[in-house]
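*Asks:* fold the stuff below for me.
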Amino acid sequence: MLPNSPPDLPPEGGGNKNADLELPPDREGAARANHTEYHFRFIIILLAILVSVPLFTKNIKKRSNSFKAATPFFNSISSNSTLISILGDVKHPGIYHVTANTMTIGVIKMAEPTLKINKILPEGSEQLFVKYGSEYYISITTDGCAKITQKDIPVSQKIILRFPLDINNMNATEFELIPGIGPVMSKKIVEYRHKNGGIMKVSDLIMVDGIGEKKYAKLEFFFKPLKKLEKSRQIKEENKTIK
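*Replies:* Alright, predicted model coming up:
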């Protein structure tokens with residue numbers, strides 16, 4: 001140092017900046033621990049979101065599928081399924097395609113009652129299995145008492161809605177409603193069924209006088225589900241090919 005030279009001054013700003021930012025060892029370790037814990041929590045939250053999103057989506061699909069009861073009535077049905085109609089105080093009246101072992105209370109829930117139900121009349125009716133081709137009318141009073149009225153859907157409506165008809169549960173007048181069957185033919189069908197113990201199969205129609213293969217091919221459409229109808233016709237075509 002030169003004589004009379006001014007003493008060395010610290011840099012402007014009050015000394016070494018890096019020194020000012022240095023933490024004591026104990027505080028530095030705590031800061032690092034907090035930083036690590038923050039990252040760990042972030043990873044846990046991220047994993048929780050990734051797991052919950054698919055479950056949430058699946059739950060939404062289940063809820064939306066639960067109200068797909070009003071499946072188009074013209075769909076093919078199997079032997080363990082049935083078609084019914086629900087009307088009255090429900091949000092979704094219409095034709096329902098359900099399994100044969102579905103209870104009445106099940107289809108009521110599917111149709112969503114307009115009011116809260118506290119009691120159902122007649123008692124025990126909600127536990128009965130639904131009957132194919134039946135119409136269920138639900139009436140609910142303001143105090144939550146629901147009355148269920150069940151009756152068969154008229155044959156005229158079944159034909160329009162494409163409900164497979166029950167050949168053993170029709171009278172002559174109802175047979176006349178089918179296109180291609182008049183008063184004379186309807187009586188012949190009823191007489192044939194009566195002579196055979198009151199029971200006949202759809203395939204027995206071809207045994208009735210006046211019904212040939214072409215007429216039978218048109219009539220079976222009204223008695224068989226579409227899936228069974230297509231299968232039976234496929235078998236016939238295969239048999240013709242073999243011959």
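*Asks:* in this structure, which spans are strands?
*Replies:* Taking DSSP state E to define them, one finds strands in the chain at 81-88, 94-99, 119-121, 134-140, 145-152.
*Asks:* please name the strands paired to the third one in the sheet, noting orientation.
*Replies:* By that I understand strand 119-121. According to DSSP bridges, strand 119-121 has the following sheet partners: strand 145-152 (parallel).
*Asks:* most neighbours per residue, which of the strands of the chain?
*Replies:* strand 81-88 (a mean of 20; mean count of other Cβ atoms under 10 Å). In this view, the C-beta of every residue, glycine as well, is placed from N, C-alpha and C.
*Asks:* if we can go back for a sec, tabulate the strands of the chain (CSV), appending distance to F175 and mean pLDDT.
*Replies:* As requested, the strands of the chain are exported to CSV (distance: least, Cβ to Cβ, whole Å; pLDDT from 0 to 100):
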stretch, distance to F175, mean pLDDT
strand 81-88, 20, 90
strand 94-99, 23, 90
strand 119-121, 36, 94
strand 134-140, 20, 95
strand 145-152, 16, 95
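*Asks:* which ones are touching the closest residue to M185 other than its chain neighbours?
*Replies:* Take M185 and drop its neighbours on the chain: the residue closest to it by Cβ to Cβ, 6 or more residues apart in numbering is G210, 5.9 Å away. Neighbour list for G210: 184-185, 188 [criterion: Cβ atoms under 8 Å, 6 or more residues apart in numbering].
*Asks:* in those residues, which residue is surrounded by the most others?
*Replies:* Looking at the contacts of G210 with neighbours defined as other Cβ atoms under 10 Å, the largest count falls to M185 at 21 neighbours.
*Asks:* doesn't I211 make contact with that residue?
*Replies:* Yes: judged on Cβ atoms under 8 Å, M185 makes contact with I211 at a distance of 7.4 Å.
*Asks:* hang on, the earlier thing: turn the strands of the chain into TSV, columns for distance to L177.
*Replies:* Conversion of the strands of the chain to TSV gives the following (distance: least, Cβ to Cβ, whole Å):
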stretch	distance to L177
strand 81-88	18
strand 94-99	19
strand 119-121	33
strand 134-140	17
strand 145-152	14
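*Asks:* outline the domain layout of the chain.
*Replies:* The record, using the TED database to delimit domains, assigns the chain the ranges 81-152, 164-223.
*Asks:* so which of those domains comes closest to I45?
*Replies:* Shortest separation from I45 across the domains of the chain is recorded for domain 81-152, at 37.0 Å, computed as Cβ to Cβ.
*Asks:* now do the closest one: distance from first to last residue.
*Replies:* Length of domain 81-152, first residue to last, Cα to Cα, to the nearest Å: 17 Å.
*Asks:* between the strands of the chain, which gets nearest to V202?
*Replies:* Of all the strands of the chain, strand 81-88 sits nearest to V202, with 17.2 Å by Cβ to Cβ.
*Asks:* give the other helices and strands that that closest one contacts.
*Replies:* With contacts defined as 3 or more Cβ pairs under 8 Å, 6 or more residues apart in numbering; DSSP states H and E, the packing partners of strand 81-88 are strand 94-99, helix 104-111, strand 134-140.
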